[in-house]
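>>> Predicted model, plus sequence, below.
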Amino acid sequence: MSDEFKPRPGQSVPGYDLAERLDTDYYAVFADIPAADRDVWNRAKAFVDGLGDRMQRAWDAAEYPLDLAMSLGAHDLFNDGIEHPDLTFFSPLAAGLVNMEISRGDGSLGTVVAVQGGLALRTLAAYGSAEQQARWLSPLARGEVPGAFALTEPDHGSDSVGLATTARREGDEWVLDGAKKWIGNGASGGVTFVWARVDDPDAPEHDAVRCFLVEQSVPGYTGTVIGGKASLRGIHQALITLDGVRLPADAVLPGARSFKDASRVLYATRSGVAWSALGHATACYEAALSYAQQRTQFGKPLARFQMVQERLAQMLEELTAMQLYCRHLADLERSGGLRPTQASLAKYHNTRAARRIAQTARDLLGGNGILIEYGVMTHMADIEAIHTYEGTESIQALLIGRDITGMSAFA
């Protein structure tokens with residue numbers, strides 16, 4: 001209780017402290033993680049602990065604190081399990097723990113990790129030329145340059161395979177025309193990896209999907225921040241228009257030659273979304289538990305009521321299942337045995353479970369649950385975004401269904 005606060009009839013406490021990390025791990029899922037992975041996790045924890053209320057204020061104002069977001073790179077937290085000689089290696093477990101911890105602190109920053117590291121940096125490391133990597137890999141990893149991954153279009157979301165943005169050859173240049181939507185960092189003054197369909201009937205690669213490294217300052221590139229969001233308000237996502245964008249011949253990433261290459265990037269980041277959901281859910285559960293222990297009604301703490309204990313037990317049940325999914329996911333990936341649909345199942349389960357945990361936590365906090373300062377409402381809203389991106393619930397279900405039945409139900 002602050003020195004300035006004086007209790008008044010009807011207000012006995014100034015507020016509730018729900019920010020403390022409780023390190024919930026009921027089944028000791030993370031008790032035996034290797035020291036190197038724990039060191040990475042501790043670095044992520046230190047970053048989150050230094051945020052204060054800055055991201056809450058940014059979320060409230062729908063502002064993107066780009067300096068803070070890019071400082072994740074200074075803490076060497078953008079590597080998302082990417083294997084490359086010029087990048088710090090994170091094991092799948094360490095990469096997952098970073099996604100979890102940053103999302104526990106703030107969902108917008110969790111998305112920054114997914115965009116800058118999981119999508120942009122991974123694309124360059126996997127498919128870029130030696131010259132492209134020499135120029136851009138370290139600046140992206142260090143957060144000196146914002147990176148964006150432009151696949152989704154206004155007309156093509158779940159059916160992104162039908163992307164209509166075109167790339168055609170004119171002499172020694174490529175010319176890009178089209179539009180992209182929901183592109184994190186797409187209007188932040190950095191570089192964008194744009195996926196486009198080759199439009200050249202006389203070329204062998206006609207209709208093939210290629211990826212292009214586009215500096216956002218080039219003529220014809222316009223990134224407009226999407227306003228009116230009720231989720232992930234602390235990161236800017238953009239509507240991009242490409243109007244005759246001219247690029248040199250070497251702007252194309254030589255290793256990216258089909259839509260399957262874009263899919264491989266998305267498959268790799270799907271595990272990260274499952275971990276991110278775990279981070280959100282952990283924050284909601286721990287806030288609800290702390291609130292139940294601090295909040296008094298009818299003369300006793302909420303935690304002494306049977307209904308409240310039952311809700312906390314239900315939340316812990318789902319949270320523990322999410323932890324088990326993520327830990328085994330990391331173990332499968334480390335052994336080389338992870339299949340894409342296994343990552344889909346983890347994403348499918350964890351974002352759905354995170355939604356339920358957030359809803360219960362919000363309800364348990366009562367009216368205080370809608371206040372930004374207590375975090376649950378912002379996590380609840382942000383979970384809606386991760387539930388959708390990197391493949392909606394329906395798309396994940398169809399991928400899993402095709403795998404277990406051997407029959408495709410895609411239209």
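Structure's in. What do you need?
>>> Can you give me the pLDDT of the residue nearest the centre of the chain?
Against the mean C-alpha coordinate of the chain, by Cα atoms, centre = their mean, the closest residue is Thr111 at 3.3 Å. Reported pLDDT at Thr111 in the predicted model: 97.
>>> Doesn't Gly401 belong to a helix?
Yes. Under DSSP: H, G, I helix; E, B strand; the rest coil, Gly401 falls within a helix.
>>> For the closest residue to it other than its chain neighbours, give me phi and psi.
Using Cβ to Cβ, 6 or more residues apart in numbering and skipping the chain neighbours, the partner closest in space to Gly401 is Ala409 (6.0 Å). C-beta here means a position set from N, CA and C on the backbone, and glycine is covered the same way. Here is the backbone geometry of Ala409 (degrees, to the nearest 10): phi -110, psi 10.
>>> if I pick Ala409, what's in contact with it?
Contacts here follow Cβ atoms under 8 Å, 6 or more residues apart in numbering; on that basis Ala409 touches 398, 401-402.
>>> and the gap between it and Gln216?
Distance of Ala409 to Gln216, computed by Cβ to Cβ, to the nearest Å: 39 Å.
>>> next one: Leu68
With Cβ to Cβ as the criterion, Leu68 and Gln216 are 20 Å apart.
>>> swap in Ile383?
From Ile383 to Gln216 the distance is 29 Å (Cβ to Cβ).
>>> what's the answer for Ala288, then?
41 Å.
>>> between the two, who's got more neighbours?
Legend: neighbour count by other Cβ atoms under 10 Å for Ala288 and Gln216, higher for Ala288 (27 against 20).
>>> Point out the other helices and strands that the helix or strand the more buried one falls within packs with.
Per DSSP states H and E, Ala288 falls inside helix 259-294. Applying 3 or more Cβ pairs under 8 Å, 6 or more residues apart in numbering; DSSP states H and E, we find helix 259-294 packed against helix 92-105, helix 107-112, helix 122-127, strand 209-215, strand 300-301, helix 306-335, helix 340-364, helix 376-388.
>>> Arg264 is nearest to which of those?
Closest to Arg264 of the helices and strands packed on helix 259-294 is helix 122-127 (Cβ to Cβ; 7.3 Å).
>>> Give me the angle between the helix or strand just after that closest one and strand 209-215.
Counting by DSSP H and E, the element after helix 122-127 in chain order, helix or strand, is helix 130-141. Following axes from the mean of the first three to the mean of the last three Cα atoms, to 10 degrees, one obtains 60 degrees for the angle between helix 130-141 and strand 209-215.
>>> can I have helix 130-141 written out in CSV, keeping just the CAs?
Extracted C-alpha coordinates of helix 130-141, given in CSV (Å, rounded to 0.1, in the frame of the first residue of the first chain):
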residue,chain,number,x,y,z
ALA,A,130,24.9,-15.0,-49.9
GLU,A,131,24.9,-11.3,-50.8
GLN,A,132,21.5,-10.7,-49.4
GLN,A,133,22.3,-12.4,-46.2
ALA,A,134,25.7,-10.6,-45.9
ARG,A,135,23.8,-7.2,-46.1
TRP,A,136,20.6,-7.9,-44.2
LEU,A,137,20.9,-10.9,-41.9
SER,A,138,22.7,-9.3,-38.9
PRO,A,139,20.8,-6.0,-39.1
LEU,A,140,17.5,-8.0,-38.9
ALA,A,141,18.8,-10.2,-36.1
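>>> domain parsing for the chain?
What automatic domain parsing lists as the domains of the chain is 35-141, 147-258, 260-405.
>>> Gln11: which of those domains is closest?
domain 260-405 (12.2 Å).
>>> So, low pLDDT: which residues of the chain?
1-3 (pLDDT under 70).
>>> nearest to Pro14, of the domains of the chain?
The minimum distance between Pro14 and those falls on domain 260-405, with 11.6 Å, by Cβ to Cβ.
>>> Endpoints of that closest one, how far apart?
22 Å (Cα to Cα, to the nearest Å).
>>> can you check stretch 185-203 too?
33 Å.
>>> what's the answer for stretch 121-135, then?
End to end - Cα to Cα - stretch 121-135 spans 12 Å.
>>> Buried ones in that stretch, by neighbour count?
Across stretch 121-135, burial judged by 16 or more other Cβ atoms under 10 Å covers 121-129, 132-133.
>>> Run a quick neighbour tally on the closest residue to Ser91 other than its chain neighbours.
Nearest residue to Ser91, sequence neighbours excluded (Cβ to Cβ, 6+ apart): Asp37, at 5.7 Å. The number of residues packed near Asp37 is 20, by other Cβ under 10 Å.
>>> and what of the one 4 residues further on?
The local packing count at Trp41 equals 19, with neighbours defined by other Cβ under 10 Å.
>>> What would the strand or helix carrying it look like as CSV? C-alpha coordinates only.
Using DSSP H and E, the element containing Trp41 is helix 35-49. Output of helix 35-49 as CSV, limited to C-alpha atoms (Å, rounded to 0.1, in the frame of the first residue of the first chain):
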residue,chain,number,x,y,z
ALA,A,35,21.2,-24.7,-18.6
ALA,A,36,21.7,-23.1,-22.0
ASP,A,37,18.0,-23.0,-22.7
ARG,A,38,17.3,-21.6,-19.2
ASP,A,39,19.8,-18.9,-19.8
VAL,A,40,17.9,-17.8,-22.9
TRP,A,41,14.6,-18.0,-21.0
ASN,A,42,16.1,-15.8,-18.2
ARG,A,43,17.2,-13.2,-20.7
ALA,A,44,13.6,-13.1,-22.0
LYS,A,45,12.3,-12.8,-18.5
ALA,A,46,14.7,-9.9,-17.8
PHE,A,47,13.4,-8.1,-20.9
VAL,A,48,9.8,-8.6,-19.8
ASP,A,49,10.5,-7.4,-16.3
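>>> got the contact list for the helix or strand following it?
Next in sequence after helix 35-49, counting helices and strands by DSSP H and E, comes helix 54-61. Under the criterion Cβ under 8 Å, 6+ apart, residues 63-65, 68, 105-106, 108-109, 233-234, 372-373, 375, 378 lie in contact with helix 54-61.
>>> Could I get the contacting residues of Leu18?
286-287, 290-291, 374-376.
>>> Let's see that with 6 Å instead.
287, 290-291, 374 (Cβ atoms under 6 Å, 6 or more residues apart in numbering).
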